[in-house]
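**Student:** Just need the structure, nothing else, for what follows:
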Amino acid sequence: MAVLVALAAVVGAFGWLIFFFLFRDTLGQDWMVFDTAVQAWRHGDVGLLLDGPRFTAVLNATHAGWLKTPLVFHPWVYPPYTLLLALPFALLPWSLSYIGFQALSLGFLLVALWQWCPPGRRGALLLGGVVFCPATAFTLGAGQNSFFSAGLVVGGMWLLPRRPIMAGLLLGLLAFKPQLAILVPVALLSLRAWRVLAAAACTVVLLLLASLVVPGPGLWRGWLHLFLSGDPAFHTWVNEGRLHGQSVFAYLHFLGLPDGWANIGQVAAAAFAACCVWIAFRAPRPAAERLAVLLCAMVLAAAHLGDYDCILLGIGAMLLLVPEAGVAPMPVAVLATLAWCSTGINPPSVLKQTIPVLFYLSELTPVIVAVLLGFLIARAPQRRVAPVMVS
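**Tutor:** Numbers count the residues shown, from 1 in each chain. You can find the predicted model right below:
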């Protein structure tokens, strides 16, 4: 166990260091996309969100005093309702908007995670492992919304047997990251949590309706036109974005497989992940282990997975490493530690050009996650379980 702790400490420190250098000239670059988009909407220039080159030029000009290096290409490719996430920060100066969102979303995640903490030092270890996780550093450096999306899952699953409507509200809001949300219905269907599922569905519908008012139907028409018209430039932006992450598709692409086969591999990984979630939520397992399976499976199934999104993997690993009672079995501890450490040796798109040795190690990430999930599912179900809501 001491070897695992030492390995995590070294990789964690390395991850924070490497991501500091990665973002030292472009701190908060992804939140600049949200900020630029919401400012364009405020000034009535919705067309800017549909023009990637012009959007990037405006972003660089607007944040020239903050950026030390201009960003090469950062278009807006998100569904229009995701603009609602940035609206509360629209009137703040850029620095307060960036720092405020990161602080509030991280606080939200830690409060949600606190509900899952075992008592005493074990709880502090769980929280400390998540904060020290390299994916946390990546999220802060990029200015992403991963703390928010992770908090929605962690909080929603804790509320599920206690406040089903509130749980559905939080899980429905995960539509802000639709690629991460695809396994949530699988878990809810497995539990037959009909009230939670209905509340989540209503939340998504209300979110869509709200986005028809703000930012409005004009952005929806333009966005849908880009997607449905087969605009080559727009789809190039989307495909390039998929490669700047840790999806199974990205790993297979960088191993040299044609994109068609890489997509087939992604679908197979998603199907395997869905099966793992279904089995985990049907069997009498501890609630924390179920949550860990869901978080790790979400990482494996996502068609686009930013390195910041791997905070889900860090949380899942820590839930397995710090169980409510006793100690983690050695195979689980080894696999969970490797999964946690993998967040510090990615993304493959960067490492392939900079540190080839680590690139080949990073390619093992989906294998580690798949083996961890398979091992957890193959284990005999535990007797001590948290209450499961069936309604």
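**Student:** Against which helices or strands is the helix or strand encompassing residue 357 packed?
**Tutor:** Secondary structure here is read from DSSP states H and E; on that basis residue 357 sits in helix 356-362. The elements that helix 356-362 packs onto, with contact taken as 3 or more CB pairs under 8 Å, 6 or more residues apart in numbering; DSSP states H and E, are helix 348-354. To be clear about C-beta, it is placed using only N, CA and C from the backbone, and glycine gets the same treatment.
**Student:** contact partners of the helix it packs on?
**Tutor:** With CB atoms under 8 Å, 6 or more residues apart in numbering as the contact definition, helix 348-354 has outside contacts at 22, 243-246, 250-251, 254, 345, 358-359, 362-363.
**Student:** same thing but at 6 Å, please
**Tutor:** Applying CB atoms under 6 Å, 6 or more residues apart in numbering, the external contacts of helix 348-354 come out as 243-244, 254, 358-359, 362.
**Student:** Now it: buried residues?
**Tutor:** By neighbour count with 16 or more other CB atoms under 10 Å, helix 348-354 contains the buried residues 348-351.
**Student:** Can you tell me which of those residues is nearest residue 84?
**Tutor:** Using CB to CB, the shortest approach to residue 84 within the buried residues of helix 348-354 belongs to residue 349, at 29.4 Å.
**Student:** Let me know the pLDDT of that closest one.
**Tutor:** In this model, residue 349 is scored at 77, pLDDT.
**Student:** Same question for residue 237.
**Tutor:** 70.
**Student:** my read: it touches residue 76, true?
**Tutor:** No - between residue 237 and residue 76 there is no contact under CB atoms under 6 Å: 9.2 Å.
**Student:** More neighbours: which of those two?
**Tutor:** A side-by-side neighbour count of residue 237 and residue 76, using other CB atoms under 10 Å, places residue 76 first with 23 against 17.
**Student:** Next, work out how far apart the residue nearest to the more buried one when sequence neighbours are not counted and residue 213 are.
**Tutor:** In space, residue 76 comes closest to residue 49 once its chain neighbours are excluded; the distance is 4.5 Å by CB to CB, 6 or more residues apart in numbering. According to CB to CB, to the nearest Å, residue 49 and residue 213 sit 17 Å apart.
**Student:** Neighbour count for these two, which is higher?
**Tutor:** residue 49 (26 against 9).
**Student:** before we move on, the earlier item: report the contact partners of the residue nearest to residue 76.
**Tutor:** If a contact means CB under 6 Å, 6+ apart, then residue 49 has 37, 40, 76 as its contacts.
**Student:** which residues touch the second one?
**Tutor:** When the contact criterion is CB under 6 Å, 6+ apart, the partners of residue 40 are 48-49.
**Student:** Let me know the pLDDT of it.
**Tutor:** The per-residue pLDDT reported for residue 40 equals 94.
**Student:** Likewise for the last one?
**Tutor:** Among the per-residue scores, residue 76 holds a pLDDT of 87.
**Student:** ok, it touching residue 37?
**Tutor:** Yes - between residue 76 and residue 37 there is a contact at 5.0 Å, judged by CB under 6 Å.
**Student:** so where's the protein uncertain?
**Tutor:** Filtered on pLDDT under 70, the chain yields the residue ranges 230-231, 233, 235, 380-391.
**Student:** tell me the centre residue of it?
**Tutor:** Nearest to the centroid of the C-alpha atoms of the chain, with distances taken as CA atoms, centre = their mean, sits residue 309, at 2.7 Å.
**Student:** residues in contact with it?
**Tutor:** Residue 309 makes contacts with residue 146, as judged by CB under 6 Å, 6+ apart.
**Student:** how close does it sit to residue 101?
**Tutor:** Shown here: residue 309 relative to residue 101, a distance of 16 Å by CB to CB.
**Student:** One more: residue 141?
**Tutor:** When CB to CB is applied, the distance between residue 141 and residue 101 equals 14 Å.
**Student:** Near residue 22, how many other residues are there?
**Tutor:** One way to gauge burial is a neighbour count; for residue 22, by other CB under 10 Å, it gives 17.
**Student:** and if you look at residue 155?
**Tutor:** As a measure of burial, residue 155 has 22 neighbours, counting by other CB under 10 Å.
**Student:** helix or strand for the nearest residue to it once chain neighbours are set aside, which one?
**Tutor:** Leaving out its chain neighbours, the residue that sits closest to residue 155 by CB to CB, 6+ apart is residue 112, at 3.5 Å. With the criterion set as DSSP H and E, the secondary-structure element containing residue 112 is helix 94-114.
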